[in-house]
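Asks: A structural model of the following input is requested.
(2 chains)
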Amino acid sequence: MTDSNETTPSPAPRKSLSRAEQERRQILRSVAIGGAMVCASMAGFFKVKYAEAAPHLRPPGAIDEERFLAACIKCGQCVQVCPVQAIKLADIQEGAGIGAPYLDARAQACDFSCDAVQCVLACPTGALTHKLDKKEQTRMGVAELVVPDVCLARQGKGFKGKARGGDYRGKLRYPEVDRWKPKPVAEHPYNLDLCDLCVRQCPIEGAIVLKPMSDDPNDKRRTPVVDQRCVGCGVCEMICPTEPVAIRIKPRVVGRHAS
Amino acid sequence: MNRHLSRLIQDYGLMFGKAPKKPAPEDFSPEARDLLAFKRTPEQRAVRKATIKYEMEHPETSQKWRNRRWASIIVLNLLFVLSYFFDLQLIEGALTASRVLGFHFADLNSALQVTLAFKTVLINLVIGTTTVIVLYILFGGRTFCSWVCPYHLLAEWAEMLHLKLVKKGLIKDHPLHRATRSVLFVIFAVLAFVTGYTIFENISPVGILSRAMTYGTIVGLVWVGALLLIEVFYSRRFWCRYICPIGLTYGMTGGVAPVRVHYDAQFCMHEGKCREVCLVPHVLDMTKLGYGKDAAHAVGPDCTRCGMCLDVCPTGALTFNVKGLTKPAKDRRKTQDVA
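Replies: Predicted structure coming up:
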């Protein structure tokens, strides 16, 4: 027996339930709350599954979407090493897997400013495959001309001014300005007789080219043609000056890296 | 040795949800039996009564360990944030996985979820978890909870509110069954394996908080807020006590940790203050008179080494101790003999 006068007094007896009834209620509470936690966690899972219909652009080196979501430990180390802060972590409402990294290319594309796919090196779990060491090997997605009618080159138009307006915060590496440091796009105005921004800024050799739209040599119109070398980094989507954007990346969900 | 092993098994059982049991007369060690007989003499009862009366008239509260702990939680989490914003490269990542001065660290439960979902053993995670396991085998597994976890700090504040409301009689605590946590641990592990996705990460307030601080994913804090509301209005410390598989995973590594809270029955007046403040009061069951099998006990693996019991213990019966380093104490009583 404990010395009941020595331990702290138990609270004054209420209309007390029997011990069995108290235990029954405790079990019910536990099942209800425990069940609620499991349901909440599964709700997050179904949201991710549902979102696969409109997949997110994943960082370079991401393995197939399903395996990527399994392997990613949601630590954000890839975010930390990116020199242009292209990688974001999904918040709870985004359906991209809580804490999993993705890119919004229109806001900030992956321009490979880091040269050696730093995010891949930072990843502790292989969600970004370590089998990759050149930017040309990545397969994040593929560029598509989604609204051809607004494309300036297809209309034979030039472009003058800041590609994305004065308050745009995205950065790109302009090797002719500074080989090492990415510069804000807003500080880099253009003056082009024919808009070729998507081709001009593409970091992958030969991934996109402008082709004439007719046999007439006086026809200035050109159309962007995406080659299979396109890695889906999103620089074309980012730099395209039209609104709505003429070219977009269609994210890949399988076969994201060339093996 | 045998006695140690059976205690360890019992302590783990306690952590997984078994109810503490009063020891049978034959379970007591000779010293414990002598001490108990001594404590049950009428003179000693009188001494205890007088001491407790004195303690109630002269309440002494210390916040030494609490303050150290809060500082530890704040500094460590701030290091994550500052490492990113000022590129300090001290602790990069989040509490799910990080690099500490370049070395891989991985949260044990997050690593388990990834391994089960991905069905592959990843070398970096093996390195990261081994480092963390070694760290917590030394310092005690759940030391993570009370010295590192940012949710623990918020939950402590929620608990203060909860206790205030309980005191005013506005609400009451609704304890859950402690085995809930063990069941959920298994469920989340199975779900990770079956769905191929790190299911628990969806609701882990530790990951959500850690990422919100560093990466600004603040919408997830709505979930953390909801959990805190349950803590304040419905069930005291419900997440850490009954739900969190992270705590249980760390707890499993803490059974043999040399750094632990140590209980010395000879100084104990059995006021019960330690159990009132404890996050996991079942680990302090031996502080009830007649429940301690040995005259001196190390507190079991579910203990988070938070030191709250040390702060409230008026007689110094509870201390931090390092197995093999700390010498047996003579007399640590804070309050002098009053009888």
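
Asks: B:L14 - how many residues pack around it?
Replies: Per other CB atoms under 10 Å in any protein chain shown, the neighbour tally for B:L14 reads 20. In short, each C-beta sits where N, CA and C put it, glycine included.

Asks: what comes up buried for the helix or strand hosting it?
Replies: Following DSSP states H and E, one finds B:L14 within helix B:2-16. Going by neighbour count (16 or more other CB atoms under 10 Å in any protein chain shown), the buried part of helix B:2-16 is B:R7, B:Q10, B:D11, B:Y12, B:L14, B:M15, B:F16.

Asks: Just checking, which helix or strand succeeds that helix along the chain?
Replies: helix B:30-39.

Asks: Can you give me the buried ones in that following helix?
Replies: B:A32, B:L35, B:L36, B:K39.

Asks: tell me the mean pLDDT over that helix?
Replies: Summarised as a single mean, pLDDT over helix B:30-39 is 93.

Asks: What residue in chain B comes nearest to chain A?
Replies: Across chain B, the shortest distance to chain A (CB to the nearest CB) belongs to B:N202, at 2.9 Å.

Asks: in what helix or strand does the nearest residue to that residue once chain neighbours are set aside lie?
Replies: With CB to CB, 6 or more residues apart in numbering or on different chains as the criterion, B:N202 has its nearest non-adjacent residue at 2.9 Å, and that residue is A:G44. Here A:G44 is covered by helix A:19-51, with elements defined by DSSP H and E.

Asks: what's the distance between that helix and the middle of its chain?
Replies: Computed by CA atoms, centre = their mean, to the nearest Å, the chain-centroid distance of helix A:19-51 equals 32 Å.

Asks: again, but for stretch B:73-81
Replies: Chain-centre distance of stretch B:73-81: 20 Å, with CA atoms, centre = their mean.

Asks: Tell me the residues of the stretch 51-200 of chain A that contact chain B?
Replies: Counting by CB under 8 Å from any CB of the partner chain, the residues of the stretch 51-200 of chain A lying close to chain B are A:66-67, A:69-77, A:79-80, A:88-93, A:97-99, A:122, A:124-126.

Asks: coming back round to it: might one say that the residue nearest to B:N202 is in contact with B:F200?
Replies: No. With contact defined as CB atoms under 8 Å, A:G44 does not reach B:F200; the gap is 9.6 Å.

Asks: between these two, who's got more neighbours?
Replies: Legend: neighbour count by other CB under 10 Å for A:G44 and B:F200, higher for B:F200 (27 against 21).

Asks: ok now do that one, which residues does it touch?
Replies: Neighbouring residues of B:F200 by CB atoms under 8 Å, 6 or more residues apart in numbering or on different chains: A:S41, B:N109, B:Q113, B:F188, B:L191, B:A192, B:P245.

Asks: where does it fall, helix, sheet strand or coil?
Replies: helix (DSSP: H, G, I helix; E, B strand; the rest coil).

Asks: From B:D107, how far out is it?
Replies: Separation of B:F200 from B:D107 (CB to CB, to the nearest Å): 11 Å.

Asks: Let me have the buried residues of helix B:2-16 in a markdown table, adding distance to chain A as columns.
Replies: Below are the buried residues of helix B:2-16 laid out as a markdown table (distance: CB to the nearest CB, whole Å):
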| residue | distance to chain A |
| --- | --- |
| B:R7 | 21 |
| B:Q10 | 20 |
| B:D11 | 21 |
| B:Y12 | 20 |
| B:L14 | 17 |
| B:M15 | 16 |
| B:F16 | 14 |
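
Asks: Out of these, which comes closest to A:Q22?
Replies: Using CB to CB, B:L14 is the member of the buried residues of helix B:2-16 that sits closest to A:Q22, with 20.3 Å.

Asks: Can you get me a residue count around the nearest residue to A:V226 once chain neighbours are set aside?
Replies: Leaving aside its chain neighbours, A:V226 sits nearest to A:A143 (4.8 Å; criterion: CB to CB, 6+ apart). Close neighbours of A:A143, defined as other CB under 10 Å, add up to 26.

Asks: Same question for B:P150.
Replies: With other CB under 10 Å as criterion, B:P150 counts 21.
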